[in-house]
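Participant: this is a predicted model, with the sequence first.
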Amino acid sequence: MEENRPLRVVIAEDHVILRDGMVELLTGRGCEVVATTGTPEGLHDAVRAHRPDVVIVDIRMPPSFTDEGIRAAERLRADHPDLGVLVFSQHAEPAWATRLLATGAHGAGYLLKERVAAVSQFVDALHRVAAGGTALDPEIVDKMMRGGRRRLDRLTGRERQVLELMAQGYSNKSIAARLVVTERAVEKHAAAIFGKFELPSTDTDNRRVKAVVTYLTEVGA
C-alpha cells in the first residue's frame, strides 16, 4: 500500500444492516469502502474492478449459506496473493480457519463478530491483514491448539502462550509486552518452538510463518 492514502476495502456480507453498519464505521475510521456485495460472485467482480487492499468476507453466504464465503476466500488468495483477506463470522470453526491459512498465514485473518470489542480493534486487524500480517481470534486459536495435543506436548506452557500470540499476528515486541517479559525472552521461546517443530534455519524461509502455518494446517488435517 502507498502511505498516506485510505485503506481500500471491499465488504462481502449478505446481511444488509450489518453491511451498511460496517461501511459507516470503516468510513468514519478513514477507510475507503470501494464496493459492497452480498454474494461470492459479486465479491470476485468487485476485487477485479476495484483492486482493494483487503476484503472482509462472511462465511455463510447465498445460495446455500454453508461455506460459500470461505470458498470465495480460498479462491481470492489463490488468484490475488497480495490481497488481504479477513473472514468475519459468527461461527468459530477451526477447519475453516485452516483452509484459509492453507497457502500461508500472510495477509489472512479470521475474527468472530461477537468478540470484537471495539471498532479500533477491528480496524487495526484490518490494517494488519492488508499489510501482509495475520489476525486470528483467540477463540479460534484456542480451539486449534486443543485439537493438536501431540504437537503441543513438545512445548512448555510459556512456549504455548508465545505460539498462540504469534498465530494471532502479534510481533515479538507486542508479545513481550502482553506476557510482561523481555523481547529477548520471546525470541528464545520462538527459537525453541522452531526447533521443536523441526523448522531449519535458512535464508529464504520465514520460520515464524512456517511455525504457525505448519501447526495450524496439521491440526486441521
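Facilitator: Nice, thanks for sending it over. None of these values were measured; they are calculated from a predicted model.

Participant: roughly how far does the residue nearest the centre of the chain sit from P63?
Facilitator: Nearest to the geometric centre of the chain sits G109, at 1.5 Å (C-alpha atoms, centre = their mean). G109 is 25 Å from P63, where distance means C-beta to C-beta, to the nearest Å. In this view, the C-beta of every residue, glycine as well, is placed from N, C-alpha and C.

Participant: all helices of the chain, in order?
Facilitator: 16-28, 40-50, 68-79, 94-100, 119-130, 138-146, 149-152, 157-167, 172-179, 183-196, 207-220 (DSSP state H).

Participant: chain center to stretch 75-85: distance?
Facilitator: 13 Å (C-alpha atoms, centre = their mean, to the nearest Å).

Participant: got it, and stretch 16-34?
Facilitator: From the chain centre to the centre of stretch 16-34 is a distance of 19 Å (C-alpha atoms, centre = their mean).

Participant: in it, which residues are buried?
Facilitator: Using 16 or more other C-beta atoms under 10 Å as the test for burial, stretch 16-34 gives R19, M22, V23, L26, R29, C31, V33, V34.

Participant: same list (the residues you listed) but as CSV, adding pLDDT and distance to L179.
Facilitator: Formatted as CSV, the buried residues of stretch 16-34 follow (pLDDT from 0 to 100; distance: C-beta to C-beta, whole Å):
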residue, pLDDT, distance to L179
R19, 94, 37
M22, 94, 32
V23, 96, 37
L26, 96, 31
R29, 94, 29
C31, 96, 31
V33, 98, 36
V34, 98, 38
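
Participant: how many neighbours does the nearest residue to G38 once chain neighbours are set aside have?
Facilitator: In space, and not counting its chain neighbours, G38 is closest to D14: 3.9 Å by C-beta to C-beta, 6 or more residues apart in numbering. Counted with other C-beta atoms under 10 Å, residues neighbouring D14 total 18.

Participant: list phi and psi for D14.
Facilitator: With angles defined as degrees, to the nearest 10, D14 sits at phi -80, psi -20.

Participant: circling back to that earlier point, tell me who's in contact with the residue nearest to the centre of the chain.
Facilitator: With contacts defined as C-beta atoms under 8 Å, 6 or more residues apart in numbering, G109 is in contact with G84, V85, L86, V87, A125, L126, R128, V129, T134, A135, L136, G169.

Participant: out of those, which one sits closest to I59?
Facilitator: I59 has its nearest neighbour among the contacts of G109 in V87, at 6.2 Å by C-beta to C-beta.

Participant: not including adjacent chain positions, what is the nearest residue to the closest one?
Facilitator: The nearest residue in space to V87 (C-beta to C-beta, 6+ apart) is Y110, at 4.6 Å.

Participant: I'd guessed the one you found sits against D137; true?
Facilitator: Yes: between Y110 and D137 there is a contact under C-beta atoms under 8 Å: 6.2 Å.

Participant: neighbour count: these two, which is higher?
Facilitator: Y110 (31 against 23).

Participant: which residues touch that one?
Facilitator: So Y110 contacts L86, V87, S89, W96, A97, L100, A135, L136, D137, I140 (C-beta under 8 Å, 6+ apart).

Participant: ok, what's across the strand from it?
Facilitator: As for beta bridges, Y110 partners with V87, L136 under DSSP bridges.

Participant: list the contacts for K210?
Facilitator: So, once contact is read as C-beta under 8 Å, 6+ apart, K210 ends up touching F197, L199.

Participant: make 515 the starting number, not 1.
Facilitator: Got it, first residue is 515 now, which makes that one K724.
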